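Chemist: below are the sequence and a predicted model; questions follow.
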Amino acid sequence: MSTTTTAARSGAAYTPTERTVPTRARQRASYDRALVHAILDEGYVCHLGFVRDGAPVVLPTLYGRVGERLYVHGSTGSRPLRMAGARSAGPGAGAPGLPVCLTVTHLDGLVLARSAFHHSLNYRSVVVHGTARQVTDPDELRTALDALVDQVVPGRSADSRPANAKELAATAVIRLDLEEVSAKVRTGGPHDDAEDLALPHWAGVVPVAPRTGVPVPSADLDPAVALPGYLTAP
């Protein structure tokens, strides 16, 4: 029995499917649950892909994770949010939901090789396939909105006013279960051909890392309100 199969049965990994096994660089693919969660938890923006009127659409948007679910938010007038709450036509007619592909990517380095062909990127990414459904339960909606806020700044949802009834009515959230999932990671330096190693061109990795600046208080903030610790923690 393969390691992947054993891990999947123990709950440590997602089960690979036809859609989650890459056609190229399969050695970079991973179905490790902890790795997938870590990549998702470190991000701010996902790209949500779906088909609208027969054409592909990809939208960047905020997301949050709660256990084995991802939540994506938007306005109640948003097309994908409305589509996720509608009932589908065709095979399986009557089942609500929107088939989607959601991705999250972190760029970690620019890989410069001696040859143009072998230039690359060091990255960590997650791809999720599934059916997104609109969240209608009030308790789940509040949990989802807290997760969306905490995805940006962990601990912030407890340090801000929760959405009121009017704001909740203007906000829609869709849920995507983490079932058909894969991660893909590239690390290390360039892979130049042996005959190119003597060429007089610099080769290596230029690290790329996100950084946050010093918090700037709002002009109308009461000076007595101290900067919260979660904004000063490394």
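Modeler: All right, it came through fine.
Chemist: CA only for contacts and neighbour counts going forward, please
Modeler: OK.
Chemist: report the buried residues of whichever helix in the chain runs longest.
Modeler: Using DSSP state H, we find that the single longest helix of the chain is helix 138-152. Neighbour-count burial for helix 138-152 flags 141-142, 144-152 (criterion: 16 or more other C-alpha atoms under 10 Å).
Chemist: with stretch 107-116 instead?
Modeler: For stretch 107-116, burial by neighbour count (16+ other C-alpha under 10 Å) applies to 108-115.
Chemist: what's the closest non-adjacent residue to residue 206?
Modeler: Spatially, and ignoring its direct neighbours in sequence, residue 206 is nearest to residue 110 (5.0 Å; C-alpha to C-alpha, 6 or more residues apart in numbering).
Chemist: so which elements touch the strand or helix carrying that neighbour?
Modeler: Secondary structure from DSSP states H and E places residue 110 in strand 98-112. The contact analysis (3 or more C-alpha pairs under 8 Å, 6 or more residues apart in numbering; DSSP states H and E) places strand 98-112 against helix 33-42, strand 45-52, helix 79-85, strand 120-134, strand 204-207.
Chemist: returning to what we had before: can you add distance to residue 40 and pLDDT and give the buried residues of stretch 107-116 back as a markdown table?
Modeler: Formatted as a markdown table, those follow (distance: C-alpha to C-alpha, whole Å; pLDDT from 0 to 100):
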| residue | distance to residue 40 | pLDDT |
| --- | --- | --- |
| 108 | 15 | 97 |
| 109 | 18 | 98 |
| 110 | 21 | 97 |
| 111 | 23 | 97 |
| 112 | 27 | 98 |
| 113 | 29 | 98 |
| 114 | 33 | 97 |
| 115 | 33 | 97 |
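Chemist: where does this protein have low pLDDT?
Modeler: Across the chain, the ranges flagged by pLDDT under 70 are 1-10, 75-82, 85-95, 234.
Chemist: how close does the residue most central in space within it get to residue 125?
Modeler: Nearest residue to the geometric centre of the chain (C-alpha atoms, centre = their mean): residue 104, 3.4 Å. Going from residue 104 to residue 125 by C-alpha to C-alpha, to the nearest Å gives 6 Å.
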